[in-house]
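*Asks:* no sequence on hand, only this structure:
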């Protein structure tokens, strides 16, 4: 839905969290120590980051200070990631139900932005990390290309073509996507990632 001057990211975020939840449910114990394209994370720490980051955007949607929320989750058992993510994603979806959240200024790690821009950023994050997870565990199912196209459009809007990797821009320099790459590989390349097994 397009509202005044922006596309409402909430329907896309809902679909993105549903997709992430489906992939997280396929993670098995033997996957947890596997590497991911997000090189600072193995599967277990990526799941922790996803749960913690979703808790952060839930707090932002509730009107709290997201920067006070650590973007990782402690104390989740190895067999508890699916339940932990389901709980926090439902909280996030509820927190962003009100239309006024779309235009309210909120604080996120990259600055103070309108709510719609913050939530669009978290679409980009969860879609990218879902791809990271799929790469790590062997692509248990096809991913929704429309979600990657939305995330890629946002990434191109907010991240410069060449940028340093720092706290404000936690992505590596853009890579060239392979010829004929699909939307997820193009998104990954824009964010400096490569499929596992490629350098």
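*Replies:* That came through, no problem. Note that the structure is predicted; figures quoted are calculated from it, not measured.
*Asks:* show me what the helix ranked longest in the chain is packed up against.
*Replies:* Counting residues, the longest helix found in the chain (DSSP state H) is helix 115-137. Other elements packing on helix 115-137 under the criterion 3 or more Cβ pairs under 8 Å, 6 or more residues apart in numbering; DSSP states H and E are strand 6-7, helix 10-24, helix 43-61, strand 105-108, helix 145-158, helix 183-190. All C-beta spots, glycine's among them, are computed from the backbone N, C-alpha and C.
*Asks:* quickly run through the sheet partners of the fourth one, with directions.
*Replies:* Right, strand 105-108. strand 111-114 (antiparallel) (DSSP bridges).
*Asks:* rounded mean pLDDT for the strand it pairs with, please.
*Replies:* Averaged over strand 111-114, pLDDT sits at 92.
*Asks:* what about residue 103, neighbour count?
*Replies:* A count of nearby residues for residue 103, using other Cβ atoms under 10 Å, gives 13.
*Asks:* closest to residue 114 out of the helices and strands packed on helix 115-137?
*Replies:* Residue 114 lies closest to strand 105-108 among the helices and strands packed on helix 115-137, at 6.2 Å (Cβ to Cβ).
*Asks:* show me what counts as buried in the closest one.
*Replies:* 106, 108 (16 or more other Cβ atoms under 10 Å).
*Asks:* follow-up on the earlier one: closest to residue 37 out of the helices and strands packed on helix 115-137?
*Replies:* Nearest to residue 37, of these and by Cβ to Cβ, is helix 183-190 at 6.5 Å.
*Asks:* quick check, pLDDT for the residue lying closest to residue 156 once chain neighbours are set aside.
*Replies:* Once flanking residues are discounted, residue 156 sits nearest to residue 190: 6.6 Å by Cβ to Cβ, 6 or more residues apart in numbering. The model reports residue 190 with a pLDDT of 92.
*Asks:* kindly provide the distance from residue 190 to residue 14.
*Replies:* Remark: distance between residue 190 and residue 14 (Cβ to Cβ, to the nearest Å) = 23 Å.
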